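Q: Sequence unavailable; structure follows:
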Ligand SMILES: Cc1cc2nc3c(=O)[nH]c(=O)nc-3n(C[C@H](O)[C@H](O)[C@H](O)COP(=O)(O)OP(=O)(O)OC[C@H]3O[C@@H](n4cnc5c(N)ncnc54)[C@H](O)[C@@H]3O)c2cc1C
Ligand code: SF4
Ligand code: SF4
Ligand code: FES
């Protein structure tokens, strides 16, 4: 058994920033467990930037940032939490800049900011087009400096709690094999998003499978607003790999097969810089209505050619590289084929405005959490901010709690359970093949719970999800070795996705309105009277999904129509 | 569909007596990573390799194709087929690290080595405000100094390709020097940290780099460790020696003591006065006296630590730059040739034998105290 005072699960932006703040503010024993080496976490893929109102952001204010965020969220965000996040913006940006993040600078030496979708001021700080990469690398350096303990390539299996407080976790040591009990007083989950549910079309890394979120579900604890999945408007047509919003921020045009800048019909003022959900729907509509480009009319063109080679190389080098490598198109010469791609999970582990779950000592931060600061739709650049602000806040909360929490006494039963579960997977029938089933899962999610949704289709989809869940019991792990068993990990990740999919589908069916990323053809309007509330879903004793609702916190900004 | 055969390195230390290659037929489509995922999904779920972002930012998927270091998700299958027309494609794990399983290698050691070079910002309070609500001003031009280094994504391709790592297991690795150098040219980093980095870089093998440039060619992110290493060397030897006997004597003392812990009785006349016969005569004389004599002193336990302390003392005296590392490297080479192993390995062995470092530190005080 391993023993710590605070265990942080996840080594992405949220996990590392939490570790750093915990390490600097306590002498308690802190450890980070992460299934991939920290610098490989998906935070490293974030390109566009991070929003914050800085001291030199003339005319802008945290209040304006909060308003944009709330409006962007289609009024589903909790305004007390948004307030906290926006007010802390400058503090976290300066903090990480002081630690070495090479933010792009204005000629006068101050941190540069650019316009981003849904923002009323240019407040997105960026470091070329690798913002997340630099943040992740810098945080890792700083963690090394502070001698943070890392359990690299360890896989979270289960959360142990007694109904009141958290007692520990179980985890699989990927490198050597074996289930371990980790005793701890506090756990911060920072395991990232679950957009991989849309397996075949997502911008996410292979391992963004919502492991922490699924573990919370299995532990009988609530998830929130799971129906909200953000589709990024500009995924490369062939792979779903992302073209950053920065490409539009720098002045890129979206054109349909007639060469028309069709955004003028959807968001005449903001045009290409309208929030993601609106742009994604516009693109999907163009494609659905036969104005898509290419032989199958299944994509739209993102035109950067007018920006010129110099500007593209300077501001969007990675975009150019990816377009050439994965799409075979040089954006300097030709427009890039793009289509919406599953990108971000607004929903997740249900926490309060400080990242606390209903279980004492258990916190969630970053994309796995639903605080909620993003509501029904996240603004570009707000996630990295959320990641840092809540990484730091949950660390401080956990330190405060663990400082005088009594010792815990987790039982070994969970270890036995998990060992049994893994053994069973290795001895399963193998009637179903995991990769096949995973593709089916992705297809069902994209077809029935994609950019546009509809009752009958979703109900059909939900049935299919239950069916997949049944069939998943026949999935087998073929690799029986202990060391670096990636077959086992892939299956465990897949099973997490299978468990999460209905948690997305059920509230999607029940939310009979359109709000943010949740766009229903049968209920095209927002319905504040009936649905200005969070969906909450958890597993009952019998393993059935139980849906309930809870109110949204509204302080300063009363709901109004969301127009751009 | 066009296909090609991959011969993939397989090794599970738990089960296999020895590594072997397994052949898989894969489509010539997308990247090498797509091909490996194809194998895993359709042919053989037991194959182990690392991959995560699939878009060349995470550094997980580096491996070797026919001996050449490649990032799988950045390598189009078409390109491989065209380059190696007709030849089989051999996929191997990276070198210089232990294989955990199949294509997965142990990267903990290079990370540990990197850590010794202080590869993080140690802010200078005169430049970086301690008030968290104050911005530190940095001009776009000054950021150019570390424009390339910050792209390092820890993929360990350069570590795998590096000749110095091959020769010297203590060598910190190309990426490690680049990541350290990045802060050497950052105005926000405090001077004392910069000095330390140089010292640690030196004891981490800064002068073992043979400038083969391989690191620079294999890096998928355009980092140029070979250049950074040259620049670090430049920082470490800002000042040379003038060629006078006095200076030569000092140089002999400083360099030999640093390199081996003592002056060299045999070489002193030659190096200081240019007397070429002295060495032979002295050797004979010693032998006749029945005194054991080595052309170079045998390195003892604690030598590396001794070097650190010695440098620290020199730095305090502002004399650190008088150390001539190209000379030290020559001495190291002599030692390696005579004892048939590199200096670090010999010292490691001395550790195993438990040879004492007795006298070294005392001698040091004696020598420097008299000055
Ligand atoms: C392509 C792309 C571009 C983006 N661009 C932007 C942008 O410009 N601006 C912005 O604000 N946001 C952006 N986002 C969103 C943002 O990057 C993510 O929401 C954010 O990085 C999530 O950080 P995180 O720390 O919560 O999780 P991650 O960085 O995903 O880290 C999750 C961590 O959890 C660990 N983990 C997961 N499961 C387990 C397990 N079972 N056991 C142990 N450890 C586990 C992983 O190893 C990893 O270390 C982008 C997202 C994508 C996909
Ligand atoms: S140039 Fe130096 S660091 Fe680079 S590979 Fe060659 S020996 Fe190694
Ligand atoms: S320097 Fe280049 S090759 Fe070496 S680890 Fe960094 S990114 Fe990889
Ligand atoms: S999978 Fe991330 S670099 Fe190749």
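A: Good, I have the coordinates. Nothing here was measured: the structure is a model prediction, and the numbers come from that model. Ligands and ions are numbered 1, 2, ... in the order given.
Q: Longest strand of chain A, counting residues only.
A: strand A:336-345 (DSSP state E).
Q: pLDDT (mean, whole number) over that strand?
A: The average pLDDT within strand A:336-345 is 96.
Q: cool, and stretch A:253-267?
A: 95.
Q: Going by neighbour count, list what's buried in that stretch.
A: The neighbour-count check on stretch A:253-267 (16 or more other Cβ atoms under 10 Å in any protein chain shown) flags A:253-257, A:262-263, A:266-267 as buried. C-beta here means a position set from N, CA and C on the backbone, and glycine is covered the same way.
Q: Identify the residues contacting it?
A: Stretch A:253-267 is contacted from outside by A:233, A:248, A:270-272, A:274, A:278-279, A:281-283, A:285-286, A:291-293, A:297, A:300-303, A:306, A:335, A:564, using Cβ atoms under 8 Å, 6 or more residues apart in numbering or on different chains.
Q: first vs last residue of that stretch, how far apart are they?
A: 13 Å (Cα to Cα, to the nearest Å).
Q: chain center to that stretch, what's the gap?
A: The gap between where stretch A:253-267 is centred and where its chain is centred comes out at 28 Å by Cα atoms, centre = their mean, to the nearest Å.
Q: Repeat that for stretch B:25-32.
A: That offset, for stretch B:25-32, works out to 35 Å (Cα atoms, centre = their mean).
Q: first to last residue in that stretch, what's the distance?
A: 12 Å.
Q: so for that stretch, what's the average pLDDT?
A: On average, stretch B:25-32 scores 94.
Q: hmm, it touching ligand 4?
A: No - contact of stretch B:25-32 with ligand 4 (Cβ under 6 Å from any ligand atom) is absent, the minimum separation being 8.4 Å.
Q: Quick check: can you list the domain ranges of the chain?
A: The chain I'm using is chain A. Per automatic domain parsing, the structural domains of chain A span A:2-228+A:346-404, A:232-338, A:413-527.
Q: wrong one, I was asking about chain B
A: With automatic domain parsing as the reference, chain B has domains B:3-103, B:108-238, B:247-367.
Q: okay if I get those domains as JSON lines plus mean neighbour count and distance to ligand 2?
A: Below are those laid out as JSON lines (neighbours: other Cβ atoms under 10 Å in any protein chain shown; distance: least, Cβ to the nearest ligand atom, whole Å):
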{"stretch": "domain B:3-103", "mean neighbour count": "19", "distance to ligand 2": "10"}
{"stretch": "domain B:108-238", "mean neighbour count": "20", "distance to ligand 2": "3"}
{"stretch": "domain B:247-367", "mean neighbour count": "16", "distance to ligand 2": "13"}
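Q: List the residues that contact residue B:46.
A: A:478-479, A:481, A:487.
Q: Check the gap between it and ligand 1 for me.
A: 21 Å (Cβ to the nearest ligand atom, to the nearest Å).
Q: gap between the residue of the stretch 401-550 of chain A found nearest ligand 3 and residue A:149?
A: Residue of the stretch 401-550 of chain A nearest ligand 3, by Cβ to the nearest ligand atom: residue A:484 (20.7 Å). Separation of residue A:484 from residue A:149 (Cβ to Cβ, to the nearest Å): 21 Å.
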